[in-house]
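Q: Generate coordinates for the sequence data below:
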Amino acid sequence: MPRPRTPLLSTDRIADAAMELVDAGEPFGVNAVARRLGVTPSSLYNHVAGRDEIIELMRGRLGEQYMPLELDGPWDLVVEGMLRAERRMYAEHPFLIPLIVGKTITDPTVIAGYDLLATALSGAGFPDDDVLEIVAIIDAFSIGFGLDLASPDEVWRPETPTRTLGRLVPGAQRGAPRSDRAFESGLEMLLDGLRLRLARTELD
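A: Sure, this is the predicted structure:
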């Protein structure tokens, strides 16, 4: 029996095609993904329920590529490892952020990553009421610094008189070195703040 000219569709192929589309800054939707794969939209619906499921498939592919599920050790090392991995993920796929943050997380790999983080925080002694709040802070931190790493080399260009910014910008670092330095400082502040919060909890 002759082999088909076009490889059979799969959820992996659909997710990869969708990610290529979004990463290129092109309009995203079921019809656009179908065109990229050279198939009809009805063919996609044999594998996915629609746009939302494709978004979750893309989230899953990110989780497979970036989530450090092998992390082990003290809670602060788990937090640091997750932050570094997520920052790189968001920096390398910035156009995916508006899609994945607007949809409830269900992918098993990504859920496992969040569970690893929550388990490390809970095991360290952070109260249950605080754990999801801290996870949300970590998420926002990594998204922000991922976008910062993807920003242009010249972040600020004051074209009107300023009191301080215009004086500081000419001598400031640019590009990845600037973003890396800010990330390392922010990471230190975040971890120090969490350690202080944990110490206060242990005193109560």
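
Q: Angles on the backbone of R157, please.
A: Dihedral angles of R157 (phi, psi; degrees, to the nearest 10) stand at phi -140, psi 80.

Q: mind listing the helices for this protein?
A: Per DSSP state H, the chain carries helices over the ranges 11-23, 30-37, 41-44, 51-66, 75-92, 97-100, 108-124, 128-149, 165-168, 175-203.

Q: can you list those helices in a markdown table and add mean pLDDT, mean neighbour count and distance to P158?
A: C-betas here are computed from N, CA, C, even on glycine. Below are the helices of the chain laid out as a markdown table (pLDDT from 0 to 100; neighbours: other C-beta atoms under 10 Å; distance: least, C-beta to C-beta, whole Å):
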| stretch | mean pLDDT | mean neighbour count | distance to P158 |
| --- | --- | --- | --- |
| helix 11-23 | 95 | 19 | 32 |
| helix 30-37 | 95 | 18 | 39 |
| helix 41-44 | 92 | 15 | 48 |
| helix 51-66 | 95 | 20 | 36 |
| helix 75-92 | 96 | 20 | 25 |
| helix 97-100 | 94 | 16 | 27 |
| helix 108-124 | 96 | 17 | 39 |
| helix 128-149 | 95 | 16 | 19 |
| helix 165-168 | 94 | 11 | 4 |
| helix 175-203 | 94 | 14 | 16 |
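
Q: As JSON lines, those helices with distance to R157 would be great.
A: Listed next are the helices of the chain as JSON lines, based on distance: least, C-beta to C-beta, whole Å:
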{"stretch": "helix 11-23", "distance to R157": "27"}
{"stretch": "helix 30-37", "distance to R157": "35"}
{"stretch": "helix 41-44", "distance to R157": "44"}
{"stretch": "helix 51-66", "distance to R157": "32"}
{"stretch": "helix 75-92", "distance to R157": "22"}
{"stretch": "helix 97-100", "distance to R157": "24"}
{"stretch": "helix 108-124", "distance to R157": "37"}
{"stretch": "helix 128-149", "distance to R157": "16"}
{"stretch": "helix 165-168", "distance to R157": "10"}
{"stretch": "helix 175-203", "distance to R157": "14"}
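
Q: Give me the nearest residue to L190, chain neighbours excluded.
A: Closest residue to L190 apart from its sequence neighbours, by C-beta to C-beta, 6 or more residues apart in numbering: F141 at 6.2 Å.

Q: who touches that neighbour in this structure?
A: Counting by C-beta atoms under 8 Å, 6 or more residues apart in numbering, F141 touches 83, 186, 190.

Q: Fine, thanks again, bye for now.
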